[in-house]
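> Predicted coordinates and the sequence they were generated for:
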Amino acid sequence: MKLYRKEGDLLQVLCFPDEQVEKGDYLAIEDLKTGRMLLAQAIDIQFPNLPGLLEDLLRDEAKEAHIFGDEYDPLQIESQINLLRDARLIQAKIRCSVEGGEVKFNVSWIPSRVHSRIRRLEPGRLRSLLRLGGARPITIGQLGEAKLEIDAQSL
C-alpha cells in the first residue's frame with residue numbers, strides 16, 4: 001500500500017490487488033524515519049480514476065466480442081495493465097496517532113510518502129496499541145473474527 005493524498009483528516013491510500021483491505025478495517029501508517037504512527041479507519045473503497053482506463057476497458061470488451069484465440073504478449077504488458085485495473089483507492093479517516101507509545105488524538109503531522117509503511121491492523125494489535133481490554137472486559141461487538149472489548153474500569 002502507498003500513501004497517495006491527505007485532505008483534512010482523510011487519507012487516500014493506493015491498494016494493490018494482492019493487499020486485502022475492507023471497509024471498517026484499521027490501517028497503521030508508520031513513518032519509519034520519525035517513529036510515529038497514524039491509525040486510520042477505511043471508510044470507503046473506490047477504483048482510482050486512471051487516464052485511458054475507460055477506453056482500455058471498452059477496447060477489451062469489443063475485442064472479446066470479435067476475436068478468439070491466444071494473444072502473444074512477450075513483454076507481459078497485459079499483466080501490468082490488469083494490476084492497474086484492479087488497484088483500489090482506500091478512503092480512510094485518521095482516528096489518532098501513536099507517538100512514543102502514547103495515543104494522541106490531536107494529529108498535527110503527516111507521514112512521509114517515501115519512508116512510510118502501511119499495513120492492515122489485526123484486532124488484537126489494535127487493542128494492544130490503544131490499550132483496550134483489561135481486568136473487567138465488556139464485549140461491545142465484533143471486529144472481523146475477533147470480539148471488540150473495552151475495560152469497564154475505563155468508563
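Looks like it came in fine. Numbering: from 1, shown residues only.

> Double-check that I150 belongs to a helix.
No: I150 is assigned strand when assessed by DSSP: H, G, I helix; E, B strand; the rest coil, not a helix.

> Lowest-scoring secondary structure element of this structure by mean pLDDT?
When each helix and strand of the chain is scored by mean pLDDT, DSSP states H and E, helix 53-66 comes last, with a mean of 65.

> For the nearest residue to R95 once chain neighbours are set aside, list the residues it contacts.
Excluding the flanking residues, the one nearest R95 by C-beta to C-beta, 6 or more residues apart in numbering is L39, at 5.0 Å. In short, each C-beta sits where N, CA and C put it, glycine included. By C-beta atoms under 8 Å, 6 or more residues apart in numbering, the contact set of L39 is 26-29, 94-98, 121, 126, 129-130.

> go again using 7 Å as the cut-off
26, 28, 95-96, 98 (C-beta atoms under 7 Å, 6 or more residues apart in numbering).

> swap in D25?
42, 120.

> Kindly report the same for Q20.
So Q20 contacts R120 (C-beta under 7 Å, 6+ apart).

> separation between the residue nearest to R95 and I110?
The spacing between L39 and I110, counted by C-beta to C-beta, to the nearest Å, is 14 Å.

> mind listing the helices for the chain?
53-66, 77-85, 123-130 (DSSP state H).

> Run a quick neighbour tally on L126.
Neighbour count for L126, taken as other C-beta atoms under 10 Å: 20.

> Quick one: residues contacting the closest residue to it other than its chain neighbours.
Spatial nearest neighbour of L126, chain neighbours left out: Y26 (5.3 Å); criterion: C-beta to C-beta, 6+ apart. Y26 sits next to 39, 41, 121, 126 when contact means C-beta under 7 Å, 6+ apart.

> what about 8 Å?
39-42, 95, 120-121, 126.

> Give the buried residues for stretch 100-112.
The neighbour-count check on stretch 100-112 (16 or more other C-beta atoms under 10 Å) flags 107, 111 as buried.

> go on, stretch 24-33?
25-31.

> what's the closest of these to K2?
Proximity of the buried residues of stretch 24-33 to K2 (C-beta to C-beta) peaks at I29, which lies at 10.4 Å.
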